[in-house]
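In: Based on what follows, work out the 3D shape:
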Amino acid sequence: MNHMRQPRPLGTAPAAVERPARWLHIDDLNRTQANALAQRYDVPTTWLVDVTNSHADPRVEDLANKEDGQALILIRAPYQTTTANGITAYETMPVAFILHDDLLITACAAPLPILTEWERLAEVHGTVTTFAAAAIHAVCDAFTATADTVDDTTRKMEKRVTSSSHNDLLLEIMAMEKSLVYLSAALGHMQSVMAELRKVDYLFTTDSTAGELLYRANIELNEGLTLVESTEQILEQYNAAISAIVGNNLNLIMKMLTSVSILLAIPPIISGIWGQNTWIPWQHGASGFWIVFAISAALTGMVAWWLKRRKYF
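Out: This next block holds a predicted model:
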């Protein structure tokens, strides 16, 4: 269900303020709601409909038009999901920031994990531009935290690489690689958006707090992108290592089975020779069986020692 159907005031503006800054957030927007919301607040329908498009790229619109009184900042935010194999992965969703005079509209197609942080920030920042900058900074923080989680998960895989002979680890690596692709693409586009935002002299640069928040957000983006790229390289190495290790483990198993087969074949060969219908030593003596058994055991032991020395075990 929708979160925050009615705008709420930002910050702690006194009651005497005629038109305090307000914030409206919709967290499960669909096309029907987008059309109704666009008509109600007189904003372009495409700005809201794009939120329902899971492939929408981050961008800005109308920021340079100061007289228009409204602008769009479309970014992407990370969230946790689960693959068909039950493995934790991460994807991104489009989030719209629509600045409309003294109203900030934020919209997305699914609940945001950072919504609680946004609500806290709404109590602190009393202007649309400052709160928008703080909310964007929170999204950038979320990207860095998600990239750090993926990196931590990847490093924990290292302990399992040397003993991997199943598909579980490969499936986890595939999930992490897919997550990194989404994160890397979103971070790359958001860097362009951040560059555009910092160029708008009338909006964010005149507000020192908003400008500082955007500066920090840009730092977070760069850190997140660097971490994502390094983790991608690590996963590529893991893929190569796992393929080699799995093949080596299978070779070791086959080597062991071959050695065991050789050892198990020695006693039947010896006993088969003494079981022929021709004259052989000890065939009439009561101790013949034990002599043959001792010979078989001795030969088996010698072959086992030789195989061990040749590192077949």
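
In: For the helix or strand containing Trp23, C-alpha coordinates in CSV please.
Out: Following DSSP states H and E, one finds Trp23 within strand 22-26. In CSV, the C-alpha atoms belonging to strand 22-26 read as follows (Å, rounded to 0.1, in the frame of the first residue of the first chain):
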residue,chain,number,x,y,z
ARG,A,22,6.4,19.8,2.0
TRP,A,23,7.2,16.3,1.0
LEU,A,24,5.0,13.7,-0.7
HIS,A,25,6.3,10.1,-1.1
ILE,A,26,4.6,7.2,-3.0
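
In: Going forward, the N-terminal residue is numbered 58.
Out: That works, and once the first residue is 58, the last one we named lands at strand 79-83.

In: Strand partners (parallel or antiparallel) of that strand?
Out: Strand 79-83 has its sheet partners listed here by DSSP bridges as strand 65-66 (antiparallel), strand 160-165 (parallel).

In: Could I get the buried residue list for the helix or strand harbouring Trp362?
Out: Assigned by DSSP H and E, Trp362 belongs to helix 345-366. By 16 or more other C-beta atoms under 10 Å, the buried positions in helix 345-366 come out as Val349, Ile352, Ser353, Thr357, Ala361, Leu364. Where C-beta positions appear, they are placed from N, C-alpha and C, glycine not excepted.

In: Give me the helices and strands touching the longest helix anywhere in the chain, please.
Out: Taking DSSP state H as the criterion, the chain has its longest helix at helix 265-330. Other helices and strands packing on helix 265-330, by 3 or more C-beta pairs under 8 Å, 6 or more residues apart in numbering; DSSP states H and E, are helix 185-218, helix 225-254, helix 345-366.

In: worst average pLDDT in those?
Out: With a mean of 82, helix 345-366 has the lowest mean pLDDT of the helices and strands packed on helix 265-330.

In: Just the angle for that helix relative to helix 265-330, thanks.
Out: If you take axes from the mean of the first three to the mean of the last three C-alpha atoms, to 10 degrees, helix 345-366 sits at 150 degrees to helix 265-330.

In: other SSEs contacting helix 345-366?
Out: With contacts taken as 3+ C-beta pairs under 8 Å, 6+ apart, helix 345-366 sits against helix 265-330.
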